[in-house]
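Peer 1: how does the following fold in three dimensions:
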Amino acid sequence: MFEGFRLFQCQGEDGTEIHGITGGSGPPLLLLHGHPQTHVIWHKVAGALARHFTVVATDLRGYGDSGKPPGRPDHGNYAKRVMALDQVRVMAALGFDSFLLVGHDRGGRVAHRLAMDHPGKVRRMATLDIAPTLAMYEKTSMAFAKAYYHWFFLIQPAPFPETLIGADPDLYLSQTLGGRSAGLAPFTPEAYAEYLRCLRDPAAHHGLCEDYRASAGIDLDHDRADRDAGRKLSCDLLALWGGRGTVGTCFDPLAEWQAVARRVEGRALDCGHYMAEEAPEALLALLMPFLLGQDDQVCSNRDGG
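Peer 2: The predicted structure is shown next:
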């Protein structure tokens, strides 16, 4: 799925091993995946991106073939602050002091924290089908809670959700991926088999739960501290979301990103949540010029206030 790319392992924060792939040439571009997937989500777009960028795609801690340490009582070793430090360490080990950044789903939340904590590292950033975590929790509606039930299931104390996922990881994956607007159609057999291989690892059940537990606790503390201090993202931000997805239906993603970033542009694509696999050509058509610094391709509002 990634012809011309090579595998690597780097040591992240607190010694956690981070697995990834890299390929291509040009300015460094870091790609971060979402739940319950791995770096494989980028397989339909990585080749095109690698013609212009040195692409790095990693598995977040707790996912894929990256390390899955036991969660601490405060879930702090799965805080997005720590997960962002993993990625800073990876990019430094590969020789990149600053880079472009694209994050989907959970990877977008890591990207948000990375750009906030390390503004000098991020040249430009794109988020795919998310609004900021704090806004989504504070503005949760019945419609959102029903569609994103896993946000509230996965944060329950261990080992309850881990045990239920472990009882049938195949069912959990098919329901999670297939329960969105496009069903299972966007996922190639090769990609789906890789997601399933990784999800069958019992350590992954704990890792992904810890990711969500941190987001419902310590991550919100960090986000509120930013808000109270008036800190905003300083890099150019492109926010894209699926027009048929839950985020665009239940929230105003552009307005929410404008509240936390200084320079924002964005729009909906005619697809659901899994944008890189469901609408790769449409995604590339917007991502590529933005990452290359051609600023007139998207539309809309750019001043985050």
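
Peer 1: please make it C-alpha for all contacts and neighbour counts, starting now.
Peer 2: Fine.

Peer 1: ok, the helix or strand hosting F8: who's next to it in the sheet?
Peer 2: Using DSSP states H and E, the element containing F8 is strand 6-11. If you go by DSSP bridges, strand 6-11 pairs up with strand 17-24 (antiparallel).

Peer 1: CA atoms only for the strand it pairs with - export them in PDB, please.
Peer 2: Below are the C-alpha coordinates for strand 17-24, written out as PDB (Å, rounded to 0.1, in the frame of the first residue of the first chain):
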ATOM      1  CA  GLU A  17       8.300   3.400  20.800                       C
ATOM      2  CA  ILE A  18       6.600   5.100  17.900                       C
ATOM      3  CA  HIS A  19       6.100   3.200  14.700                       C
ATOM      4  CA  GLY A  20       5.800   4.900  11.300                       C
ATOM      5  CA  ILE A  21       6.700   5.100   7.600                       C
ATOM      6  CA  THR A  22       8.400   7.700   5.600                       C
ATOM      7  CA  GLY A  23       8.900   8.400   1.900                       C
ATOM      8  CA  GLY A  24       9.100  11.100  -0.800                       C
END
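
Peer 1: elements contacting the helix or strand just after that strand?
Peer 2: Once the chain leaves strand 17-24, the next helix or strand it forms, by DSSP H and E, is strand 28-32. For strand 28-32, the packing partners by 3 or more CA pairs under 8 Å, 6 or more residues apart in numbering; DSSP states H and E come out as strand 54-58, strand 99-104, helix 106-117.

Peer 1: would you turn those into JSON lines with mean neighbour count and mean pLDDT?
Peer 2: Shown next, in JSON lines, are those (neighbours: other CA atoms under 10 Å; pLDDT from 0 to 100):
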{"stretch": "strand 54-58", "mean neighbour count": "25", "mean pLDDT": "98"}
{"stretch": "strand 99-104", "mean neighbour count": "23", "mean pLDDT": "98"}
{"stretch": "helix 106-117", "mean neighbour count": "25", "mean pLDDT": "98"}
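
Peer 1: wait, V55 touches L31, no?
Peer 2: Yes. Contact criterion CA atoms under 8 Å: V55 and L31 qualify, at 7.4 Å.

Peer 1: ok, and what's touching stretch 278-293?
Peer 2: Contacts to stretch 278-293, defined as CA atoms under 8 Å, 6 or more residues apart in numbering, come from residues 44-45, 49, 100, 124-126, 182, 185-187, 238, 269-272, 275-276, 295, 297-298.

Peer 1: now do stretch 74-85: everything it contacts.
Peer 2: Residues contacting stretch 74-85 (CA under 8 Å, 6+ apart): 12-13, 60-61, 71, 109-111, 113-114, 117, 210-211, 213-215, 217-219.

Peer 1: give the rounded mean pLDDT of it.
Peer 2: Here stretch 74-85 scores 98 as its mean pLDDT.

Peer 1: that one: end-to-end distance?
Peer 2: Terminal residues of stretch 74-85 are spaced 18 Å apart (CA to CA, to the nearest Å).

Peer 1: where along the stretch 201-305 of the chain do the helices fall?
Peer 2: For the stretch 201-305 of the chain, the helices defined by DSSP state H, counting those that start in this stretch occupy 202-215, 218-229, 246-250, 253-258, 275-278, 280-291.

Peer 1: just the CA atoms of the third one, as CSV, please.
Peer 2: This points to helix 246-250. C-alpha atoms of helix 246-250 as CSV (Å, rounded to 0.1, in the frame of the first residue of the first chain):
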residue,chain,number,x,y,z
THR,A,246,-21.6,14.1,12.6
VAL,A,247,-19.2,16.9,13.3
GLY,A,248,-20.5,19.1,10.5
THR,A,249,-24.1,18.3,11.5
CYS,A,250,-23.8,18.8,15.2
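
Peer 1: how far off centre is that helix?
Peer 2: Centre-to-centre, helix 246-250 and its host chain are 17 Å apart (CA atoms, centre = their mean, to the nearest Å).
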